[in-house]
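Student: Quick one, structure for this:
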Amino acid sequence: MVLKDKIALITGGSSGIGAAIARLFAKEGARVILTYRSNESEARELVEELSSTGCLAVCLQADLGREADVKRLFQEIKDRFGKLDILINNAGRTFNVAFQDLTEASIRRDLDTNLVSTMLCSHCAVELMGEQGWIVNTTSIRGMTDSGRPGIMGYCAAKAGVISFTKNLALELAPRVCVNAVAPGFVYTQYMEKNVSDELKESWRSQIPLGRFVDIQELAKVYLFLATTQVMTGTVLPVDGGYTILNR
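Tutor: Numbering: from 1, shown residues only. Sure thing, here's the model as predicted:
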């Protein structure tokens with residue numbers, strides 16, 4: 001149990017990648033804090049699941065793009081736990097907006113949801129970390145060089161910002177806090193299973209050098225590795241079956 005008694009905050013932790021990370025961290029002995037923005041029932045169901053295994057788990061509501069909400073969230077964590085060991089900045093969302101339809105509001109929504117939230121949470125988390133801490137940010141292959149996609153330009157720009165922020169924050173906080181990022185590729189989630197046609201899934205799969213989607217449990221293990229490493233900081237790990245090799 002490599003995370004025994006560690007206190008870990010996982011933003012956007014009630015479903016998808018965040019939920020997979022939460023389950024693995026709980027299994028490894030962490031005390032798990034989840035955040036949700038609007039889906040309280042889903043978050044509480046996961047907390048009940050984790051608690052049934054003996055894990056100390058809680059869920060807290062916050063809009064992480066708002067500084068007041070983030071400050072309230074971390075004050076509550078301080079009051080309940082007194083400290084924080086691990087921050088997983090996983091909250092984010094893709095919004096499909098064509099370039100010709102971009103507005104100030106849509107741009108701010110992309111940035112607030114996918115970049116500002118990461119920056120605000122990191123700023124508050126560091127104050128609660130002791131002699132050593134870990135921050136792991138979720139970026140995307142779409143934020144990496146030569147791997148953007150028309151139609152989600154704001155999301156790509158925000159995730160590229162997360163990569164730059166990760167590297168700069170790693171320098172700022174070394175050697176006390178290790179700051180790294182994960183850039184997932186095509187991850188097989190319940191959302192993909194329910195909302196993506198078989199034809200489109202096959203088109204995506206055919207472009208992946210390893211010939212399969214990223215398994216969500218495999219992905220969670222990468223976050224676990226980066227939440228325990230003492231020799232890596234400022235690193236961005238693409239977990240994509242080799243997709244970024246193609247520079248698409």
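
Student: got the residue ranges for the helices in the chain?
Tutor: Counting by DSSP state H, residue ranges of the helices within the chain are 16-27, 40-51, 67-81, 104-111, 117-126, 153-173, 190-195, 198-206, 216-226.

Student: To residue 4, which of those lies closest?
Tutor: Using C-beta to C-beta as the criterion, the shortest distance between residue 4 and the helices of the chain is 10.9 Å, found for helix 16-27. C-beta coordinates here come from the backbone N, C-alpha and C atoms, glycine included.

Student: tell me which strands and helices that closest one is in contact with?
Tutor: With contacts defined as 3 or more C-beta pairs under 8 Å, 6 or more residues apart in numbering; DSSP states H and E, helix 16-27 has these neighbours: strand 7-10, strand 31-36, helix 40-51, strand 86-89, helix 216-226.

Student: how about 7 Å then?
Tutor: Under the contact criterion of 3 or more C-beta pairs under 7 Å, 6 or more residues apart in numbering; DSSP states H and E, helix 16-27 touches strand 7-10, strand 31-36, helix 40-51, helix 216-226.

Student: Among the ones you listed, which comes closest to residue 133?
Tutor: In terms of C-beta to C-beta, the element of those nearest to residue 133 is strand 7-10, at 10.2 Å.

Student: what is the rounded mean pLDDT of that closest one?
Tutor: Over the span of strand 7-10, the pLDDT mean works out to 98.

Student: What pairs with it, parallel or antiparallel?
Tutor: Looking at strand 7-10 with DSSP bridges, its partner strands are strand 31-36 (parallel), strand 86-89 (parallel).

Student: Reformat the helices and strands packed on helix 16-27 as JSON lines; add distance to residue 168 and mean neighbour count.
Tutor: Output for the helices and strands packed on helix 16-27, formatted as JSON lines (distance: least, C-beta to C-beta, whole Å; neighbours: other C-beta atoms under 10 Å):
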{"stretch": "strand 7-10", "distance to residue 168": "21", "mean neighbour count": "26"}
{"stretch": "strand 31-36", "distance to residue 168": "24", "mean neighbour count": "26"}
{"stretch": "helix 40-51", "distance to residue 168": "31", "mean neighbour count": "17"}
{"stretch": "helix 216-226", "distance to residue 168": "17", "mean neighbour count": "18"}
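
Student: Look up how far residue 175 lies from the residue nearest the centre of the chain.
Tutor: Closest to where the C-alpha atoms of the chain average out (C-alpha atoms, centre = their mean) is residue 90, at 1.8 Å. Residue 90 sits 25 Å away from residue 175, taking C-beta to C-beta, to the nearest Å as the criterion.

Student: Run through the residues that contact residue 130.
Tutor: residue 83 (C-beta atoms under 7 Å, 6 or more residues apart in numbering).
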